[in-house]
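Asker: below are the sequence and a predicted model; questions follow.
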Amino acid sequence: MAIKKHDTPMLDQLESGPWPSFISGIKRLRDEHPDERINKVTNDLLGQLEHSYETRKGYWKGGTVSVYGYGGGIIPRFSEVGKQFPESKEFHTLRVQPPAGNMYTTDILRQLGDSWEKWGSGLVTFHGQTGNIMFIGTDTPGTQHFFDEINDYGFDLGGAGPCVRTAMCCVGAARCEQSCCNEQAIMRSLVNNFTDDVHRPALPYKFKFKVSGCPNDCQNAIERADFAVIGTWRDEMKVDQEEVKAFVEKKGRKYVIDNVISRCPTNCMSLNDDDTLEVDNRNCVRCMHCLNVMVKALSPGDDKGVTVLIGGKRTLKIGDLMGTVVVPFMKMDSEEDYERIVEIAEETIDFFAENALEHERTGEMIERIGLVNFLEGIGLEVDPNMVAEPRRSSYVRMDTWEEEAEKWFKRKAEAAAG
Amino acid sequence: MAQQHRTPIESGAPDGFQYMHPVMRKNFGQWKYHEHPRPGVLLHVAHGGDKIWTVKAGTQRILDVFTLRKLCDIGDKYGDGYVRFTIRSNIEYMVEDEAKVEPLINALEGEGFVVGGTKNSVAMISHTQGWLHCDIPGTDASGVVKAMMDELIDDFRGNNMPNRVHITTSCCQINCGGQGDIAINVQHTKPPKINHDLVGNVCERPSVVARCPVAAIRPALVNGKPSLEVDEKKCICCGACYPPCPPMQINDPEHSKLSIWVGGNHSNARSKPTFQKLVAAGIPNNPPRWPEATAIVKRILKAYQSDARDWERINDWIERIGWPRFFEMTNLPFTKFHIDNWRGARRSLNASTHIRF
């Protein structure tokens, strides 16, 4: 039976031009898909979207939809103009956790596509801004059927609402020479320890883990994760002097001075007269710039580990915040190291659950109570690497100075004793 | 008897290894360096000498199953059947044999996908859901990005920029799109319009009061019904009250505008990570192709391309040349709205005589 297609004169204008068009894709589902259900759903979806373009307004509202046993993972969408567009009046998205590193075979992509076309609209995005596979558009029974099917072959829902959210990690050690840790293992150890908190939203607000294998931070972890894990190293960077010479030979001294030596944020590099490189490793802050430019000549050291930063988030409510350092360095080699980072995450989430206000992110909580109260709450010691500079204001009560100084010297002595 | 429900398997994030290219599995943690043979292609070389080529392509991001299968067909016929997606939703095909690279590129381009997005290119614009699926959007996302990428496609395909450029879009001021070298975000300019008949039944009023960043909302009786009122002099028109209270409609076809922010950078390379800063506002939210926003983005890109040095991201470039010169070069007006008055704002003021003439 032929369906009556909505006119979409505005959306049609997004079919011209060289970049691939999502409108053409949705139209293919409407016009060419063998399942009439999908033809109808996508027809009404296009109709509603055209209506949005004409009136410059959105027409979806939220609600409550979940699969049996879970409280989250679905973004419910009910149309406010469902009478005009009845076939897509329920158009829920399932957030599904991707394999670590966003790795797929074409086989598994096909399998996911087959399942989705059986129960949903046939529209999918790899991935949303949090990192989920977004299966966009199905009705309430469809969410359960689709979930049951993909859950049987190893996929699970992600987070939605005030809960631990789907985590992300970069490609890392799988295909990158800058990797300083096993990003996939760290990411999965962390987020999969909290499946209960992912599936049953009960926190003050969202909580995100992101793992980047080096300070280039390709996962934007510092800027948008509550718990950012960034690979780094603490011994000397590796310098292959023959490759340095070859690079200077190829690019010229001026290029190397202008683009490597003088771009170092701590002025810790110097080009020698014989075109070898001298590095003041004590003052290197592992910014990655020189390693990015001279990929063959320079690489991270051997004593690798991670830095943990807490509290990154976007605008709501008090403004954008970057994460701040709470663990300057920890090794990530042994099982105990993994247990320790999970323990820090548990302490953080417990403290967050108990102390944050409703709809307050970790960064806002820390802004409100101060970093020191947070550190004491989760059992971490203060460290000068946690600040860009010490306090400026004298308005602080310091009558336990001796005690606090003693703690510092004691920790130093313990560290020296190994 | 109650219906028997299937108990979910709480398996969480799947292991990536089962879907990883065998060469990547074999050389996990053993990569030595990479090269960039041409735009859109990376070559990674392992310590043991193994090599893997990656071909990166941009898509429409909102994929229909036909397009997904087309991408898989290309991966099976011209690649090794292993792919991954980047944080900016590009697809990457990994192949072991260099001879496969050229046919793979041709197949992708032949089917309308766009090979590029590596190194000093304009990367794929990261975006959100917009009118297609969000419950609070001020604008569309996929449409804005499609229209903009049509114009920036040569900069995605080529390596014409001093360093990489990450562009983001957000359909409300929550800014799900995140920080970008250039960010195009919705900026509302009028307080919410309140449907007082609905507030009492739909909204948890104390939560809505608590949500306001400037304490401009208070409970009130309107026409004898419990509702909320907004102190319109205090209101900053951010829309934070709208998600928990849909009768406080913030989106307006005329007064919800677009603003452009620059200099956000997530990397620690050179300087510490930076936030984006306001440069332009009052831009009409003009579907279906948003030409005014695109024109300003192109103007900023042109100034950056002509004046920045190699490896400078937009924030590095402006740090060197100073903001007055940025506004001069882009011919954008500097207004009182550019001077921050939010908490911590004094740190953004120039407390020195460091002035370029």
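Answerer: The structure has been received and is ready for your questions.

Asker: residues of stretch B:107-115 that come out buried?
Answerer: B:107-108, B:113-115 (16 or more other CB atoms under 10 Å in any protein chain shown). In this view, the C-beta of every residue, glycine as well, is placed from N, C-alpha and C.

Asker: just the ones of those in helices?
Answerer: Counting by DSSP state H, the part of these found in helices is B:107-108.

Asker: where does the stretch 51-200 of chain A have low pLDDT?
Answerer: Within the stretch 51-200 of chain A, no range satisfies pLDDT under 70.

Asker: now the strands for it?
Answerer: A:60-61, A:74-75, A:78-79, A:92-96, A:103-105, A:123-126, A:133-138, A:168-169 (DSSP state E, counting those that start in this stretch).

Asker: next, the distance between the ends of stretch A:325-339.
Answerer: 20 Å (CA to CA, to the nearest Å).

Asker: now check that stretch, is it near chain B?
Answerer: No. Using CB under 8 Å from any CB of the partner chain, we find that stretch A:325-339 stays clear of chain B, coming within 11.1 Å at best.

Asker: now that stretch: buried residues?
Answerer: A:325-329, A:332, A:337-338.

Asker: now do stretch A:67-82
Answerer: Neighbour-count burial for stretch A:67-82, counted by 16+ other CB under 10 Å, picks out A:67, A:70, A:72-79, A:81-82.

Asker: which one of these is nearest to residue B:137?
Answerer: Using CB to CB, residue A:77 comes nearest to residue B:137 of the buried residues of stretch A:67-82, at 11.7 Å.

Asker: do I have it right that the closest one meets residue A:88?
Answerer: No. Assessed by CB atoms under 8 Å, residue A:77 is found out of contact with residue A:88, at 9.0 Å.

Asker: any shared contact partners between the two?
Answerer: Shared contacts of residue A:77 and residue A:88, defined by CB atoms under 8 Å, 6 or more residues apart in numbering or on different chains, are absent.

Asker: related to what we said a few turns ago, from the buried residues of stretch A:325-339, which two are the most distant?
Answerer: A:325 and A:338 (20.1 Å).

Asker: what about stretch B:20-37, how long is it end to end?
Answerer: First-to-last residue span, stretch B:20-37, CA to CA: 23 Å.

Asker: buried set for stretch A:295-304?
Answerer: A:295-301, A:304.

Asker: save those residues as TSV, and put in secondary structure, distance to chain B and pLDDT too.
Answerer: Shown next, in TSV, are those (DSSP: H, G, I helix; E, B strand; the rest coil; distance: CB to the nearest CB, whole Å; pLDDT from 0 to 100):
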residue	secondary structure	distance to chain B	pLDDT
A:295	coil	5	97
A:296	coil	5	97
A:297	coil	9	98
A:298	strand	9	98
A:299	strand	8	98
A:300	coil	11	98
A:301	coil	14	98
A:304	strand	10	98
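
Asker: can you tell me which of these is nearest residue A:282?
Answerer: Closest to residue A:282 out of the buried residues of stretch A:295-304 is residue A:301 (12.7 Å), distances taken as CB to CB.

Asker: in contact with the closest one, which residues?
Answerer: Counted by CB under 8 Å, 6+ apart, residue A:301 has contacts A:233-238.

Asker: and what of residue A:380?
Answerer: A:326-327, A:344.

Asker: now for the host helix or strand of residue A:44, which elements pack on it?
Answerer: Element membership of residue A:44 [criterion: DSSP states H and E] is helix A:36-55. Helix A:36-55 sits against helix A:9-12, helix A:22-32, with contacts defined as 3 or more CB pairs under 8 Å, 6 or more residues apart in numbering or on different chains; DSSP states H and E.

Asker: and among those helices, the most buried is which?
Answerer: Of all those, helix A:22-32 carries the top mean neighbour count, a mean of 21, counting by mean count of other CB atoms under 10 Å in any protein chain shown.

Asker: check whether it contacts chain B.
Answerer: Yes. Legend: contact between helix A:22-32 and chain B by CB under 8 Å from any CB is shown at A:22-26, A:28-29, A:32.

Asker: can you put those in JSON lines and add pLDDT?
Answerer: JSON lines is the format used below for the residues of helix A:22-32 next to chain B (pLDDT from 0 to 100):
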{"residue": "A:22", "pLDDT": "98"}
{"residue": "A:23", "pLDDT": "98"}
{"residue": "A:24", "pLDDT": "98"}
{"residue": "A:25", "pLDDT": "98"}
{"residue": "A:26", "pLDDT": "98"}
{"residue": "A:28", "pLDDT": "98"}
{"residue": "A:29", "pLDDT": "98"}
{"residue": "A:32", "pLDDT": "97"}
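
Asker: domain assignment for the chain?
Answerer: Using chain A. Following automatic domain parsing, one gets these domains for chain A: A:1-155, A:168-232+A:303-393, A:238-299.

Asker: I was after chain B.
Answerer: Using automatic domain parsing, the domains assigned to chain B come out as B:18-115, B:130-189+B:253-340, B:193-249.

Asker: reformat the ones you listed as CSV; add mean pLDDT and distance to chain A.
Answerer: As requested, the domains of chain B are arranged in CSV below (pLDDT from 0 to 100; distance: least, CB to the nearest CB, whole Å):
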stretch, mean pLDDT, distance to chain A
domain B:18-115, 98, 4
domain B:130-189+B:253-340, 97, 3
domain B:193-249, 96, 5
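
Asker: redo the ones you listed as JSON lines? Include distance to residue A:200.
Answerer: Formatted as JSON lines, the domains of chain B follow (distance: least, CB to CB, whole Å):
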{"stretch": "domain B:18-115", "distance to residue A:200": "27"}
{"stretch": "domain B:130-189+B:253-340", "distance to residue A:200": "22"}
{"stretch": "domain B:193-249", "distance to residue A:200": "20"}
